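Enquirer: Model the following, please.
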Amino acid sequence: MSAVLLVLGVLLLAAIVLGLWVAGVYNSLVTLRNRFKNAFAQIDVQLKRRYDLIPNLVEVAKGYMKHESTTLENVIKARNIAQAASQAAAANPADAGTMKNLLGAEAGLAGALSRLMVVAEAYPDLKANQNMMQLTEEMTSTENKISFARQAYNDSVMGYNTSRESFPTNLLAGLFNFAEALLFQVENAAERAAPQVKFT
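Expert: Okay, here's the model as predicted:
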């Protein structure tokens with residue numbers, strides 16, 4: 001009888017240890033996922049700041065660039081698409097589909113802003129406008145903040161993905177639906193450069 005109790009005690013102890021290990025791994029994955037979600041929230045703050053600056057930038061440029069309405073409209077359109085994609089991604093940064101949409105929309109916005117700045121170079125009065133100079137300085141500062149926030153987010157995602165892919169954690173990650181998180185990076189090498197918003 002005591003041998004049966006001993007075996008039951010060992011099995012109970014093993015079940016408790018296994019349960020504690022599963023709980024620890026699960027909690028670790030939740031913590032890492034929440035870290036990258038928080039890191040994305042920091043990107044989102046800077047993206048919102050940029051989205052708020054763009055209409056002001058376009059409005060100042062509009063007074064000087066009357067013949068460039070298509071360029072200005074494209075910037076606003078790209079900004080609206082990127083803002084909508086950002087809101088969707090902010091709702092669930094762990095969703096790969098919304099992150100891919102955001103990356104594509106951000107690439108489109110970067111291209112539209114770059115075209116605006118190239119066209120604006122042909123307008124010396126616009127380049128000398130105090131409001132335009134201030135807005136471009138704020139945009140440059142915001143782009144730098146986005147870069148730093150993106151780096152912190154990618155570091156958090158890498159830690160999360162490394163943990164969820166490591167053995168034996170990967171067994172539980174699949175069981176509890178901890179999906180892979182996407183890095184916030186630009187696929188096309190030509191789009192990797194941040195939009196140039198300074199006038200020289």
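Enquirer: quick one: least confident helix or strand in this protein?
Expert: The weakest-scoring helix or strand in the chain, judged by mean pLDDT, DSSP states H and E, is helix 124-128 (a mean of 82).
Enquirer: Give me the distance from whichever helix or strand comes after that helix to the chain's centre.
Expert: Proceeding N to C from helix 124-128, the next assigned helix or strand is helix 130-165, under DSSP states H and E. The chain centre lies 8 Å from the centre of helix 130-165; the measure is CA atoms, centre = their mean, to the nearest Å.
Enquirer: elements contacting the following helix or strand past helix 130-165?
Expert: Following helix 130-165 in sequence order, the next helix or strand is helix 169-175 (DSSP H and E). Secondary-structure packing of helix 169-175 (3 or more CB pairs under 8 Å, 6 or more residues apart in numbering; DSSP states H and E): helix 2-62, helix 130-165. Where you see a C-beta, it was placed from the backbone N, CA and C, and this is true even at glycine.
Enquirer: and the shortest one, what's its mean pLDDT?
Expert: In other words, helix 130-165. Averaged across helix 130-165, pLDDT comes to 93.
Enquirer: Could I get the buried residue list for it?
Expert: 132, 135-136, 138-139, 142-143, 145-146, 149-150, 152-154, 156-157, 159-161, 163-164 (16 or more other CB atoms under 10 Å).
Enquirer: How about residue 99, nearest residue that isn't a chain neighbour?
Expert: residue 182 (4.4 Å; CB to CB, 6 or more residues apart in numbering).
Enquirer: what do you get for residue 28?
Expert: Using CB to CB, 6+ apart, the nearest residue to residue 28 is residue 163, at 6.6 Å.
Enquirer: what's the spacing between residue 96 and residue 158?
Expert: 15 Å (CB to CB, to the nearest Å).
Enquirer: Over to residue 124?
Expert: 46 Å.
Enquirer: again, but for residue 16
Expert: Per CB to CB, residue 16 is found 33 Å from residue 158.
Enquirer: before we move on, what about residue 20?
Expert: Using CB to CB, residue 20 is found at 27 Å from residue 158.
Enquirer: Residue 150 too?
Expert: Residue 150 is 12 Å from residue 158, by CB to CB.
Enquirer: Next, give phi and psi for residue 178.
Expert: phi -90, psi 100 (degrees, to the nearest 10).
Enquirer: how many other residues sit next to it?
Expert: By other CB atoms under 10 Å, 22 other residues sit near residue 178.
Enquirer: right, and it touches residue 29 too?
Expert: Yes: using CB atoms under 8 Å, residue 178 is in contact with residue 29, at 5.0 Å.
Enquirer: if I look at these two, which residues touch both of them?
Expert: Contact criterion CB atoms under 8 Å, 6 or more residues apart in numbering; residues shared by residue 178 and residue 29: 164, 172.
Enquirer: ok so, going back, residues contacting the residue nearest to residue 28?
Expert: 28, 29, 32, 169, 173.
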